[in-house]
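K.L.:
Structure for this input, please:
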Amino acid sequence: MRFTNKHLDTLAHGQTKILVFDCEFWHVLGTEPGIKMTGPDFFFIPREVGGFLLTKNKDGSWSYNSNFFVTLGNQKREVSFPISHYSTVTPQTGYKLDELENRLGLPWGEAFPSRLSPEGVAAYKEGIKVYEADTNIKEHHKPPSWYKTFMKHYSESMIVVKGRGDIDALKNASILYGFDYLEPLDVTDIAIWNPVSYKKCGTAKLAGTFDCIKKKLDNNTKHLADYLPLEKAHDPSTDASMTLLVALYIVSQQP
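P.N.:
Down below sits the predicted model:
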């Protein structure tokens, strides 16, 4: 699909590629040299990555073809339980994960195997198997070599994200897997708009902010939205879509 959008032109900051993406994470227990810690004893690496690439054509229009979605392993590290709310799994798998989550005995973010009771460990192990066997997760699974392909596009693009967590997770993965982390050409982080979002929308959460502003988008941006995946919050491709549309709204409000 080709389209024109003056707000996208502004958002690009002169670049000809815009990469919009979002991650769901493995919570990894422990520390490593150079790792960006998320909590006192754990850090993030990507578990699911979704988004899309927009490219500018010589005539000034933009092209959007399709979104991408990949799932990635945990390098056999000790990771916390992957709950359904933050997983792009089928409904059947989601119900099973919810059931197993209730048997862990600890909040999911603290549910590392070394901290669980024997009953909790049994539920945890079954949950990991159920998650990894889900058709949507299994069919989109990629080996670590995928990171190098992603980094090539990443380094050639203006990237659009909400918060720095996705960037930190990629940097962490580069340390664990030994690939080169390559800086993007530019970064737009819509999290800097959080104070305004609280004032305008009563929330700074992505889904709430998107619901607040979506009727205020101009017609060209609404046309683009018709082609983006917007089915489910916490599906990385959907969250990437909402991130881009919020970014375009922010640009439209600037003098």
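K.L.:
What confidence value was assigned to Ser252?
P.N.:
Note for Ser252: predicted pLDDT of 95.
K.L.:
Next, the contact list for the closest residue to it other than its chain neighbours, please.
P.N.:
In space, and not counting its chain neighbours, Ser252 is closest to His7: 5.1 Å by Cβ to Cβ, 6 or more residues apart in numbering. In this view, the C-beta of every residue, glycine as well, is placed from N, C-alpha and C. Contacts here follow Cβ atoms under 8 Å, 6 or more residues apart in numbering; on that basis His7 touches Asp218, Asn220, Thr221, Leu248, Val251, Ser252.
K.L.:
Look up the closest residue to the fourth one, ignoring the ones flanking it.
P.N.:
If you skip the residues right next to it in sequence, Leu248 has His7 as its closest partner in space, 4.6 Å away by Cβ to Cβ, 6+ apart.
K.L.:
what helix or strand is that neighbour on?
P.N.:
helix 6-11 (DSSP states H and E).
K.L.:
next helix or strand past that helix?
P.N.:
Next helix or strand after helix 6-11 toward the C-terminus (DSSP H and E): strand 17-29.
K.L.:
so what does that following strand touch, helix or strand wise?
P.N.:
Secondary-structure packing of strand 17-29 (3 or more Cβ pairs under 8 Å, 6 or more residues apart in numbering; DSSP states H and E): strand 42-56, helix 146-155, strand 158-161, helix 165-177, helix 236-252.
K.L.:
Any idea which of those gets closest to Asp226?
P.N.:
helix 236-252 (10.9 Å; Cβ to Cβ).
K.L.:
What is the closest one packed up against?
P.N.:
helix 6-11, strand 17-29, strand 42-56, strand 62-71, strand 158-161, helix 206-213, helix 219-225.
K.L.:
In CSV, list the C-alpha atoms belonging to it.
P.N.:
C-alpha atoms of helix 236-252 as CSV (Å, rounded to 0.1, in the frame of the first residue of the first chain):
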residue,chain,number,x,y,z
PRO,A,236,3.2,-6.7,19.9
SER,A,237,2.0,-5.9,16.4
THR,A,238,-1.2,-4.2,17.8
ASP,A,239,0.8,-2.3,20.4
ALA,A,240,3.2,-1.1,17.7
SER,A,241,0.2,0.1,15.6
MET,A,242,-1.2,2.0,18.5
THR,A,243,2.3,3.5,19.2
LEU,A,244,2.6,4.8,15.7
LEU,A,245,-0.9,6.3,15.6
VAL,A,246,-0.4,8.0,19.0
ALA,A,247,3.0,9.4,17.7
LEU,A,248,1.2,10.8,14.6
TYR,A,249,-1.4,12.4,16.8
ILE,A,250,1.3,14.0,18.9
VAL,A,251,3.0,15.4,15.8
SER,A,252,-0.3,16.7,14.6
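K.L.:
No more questions from me, cheers.
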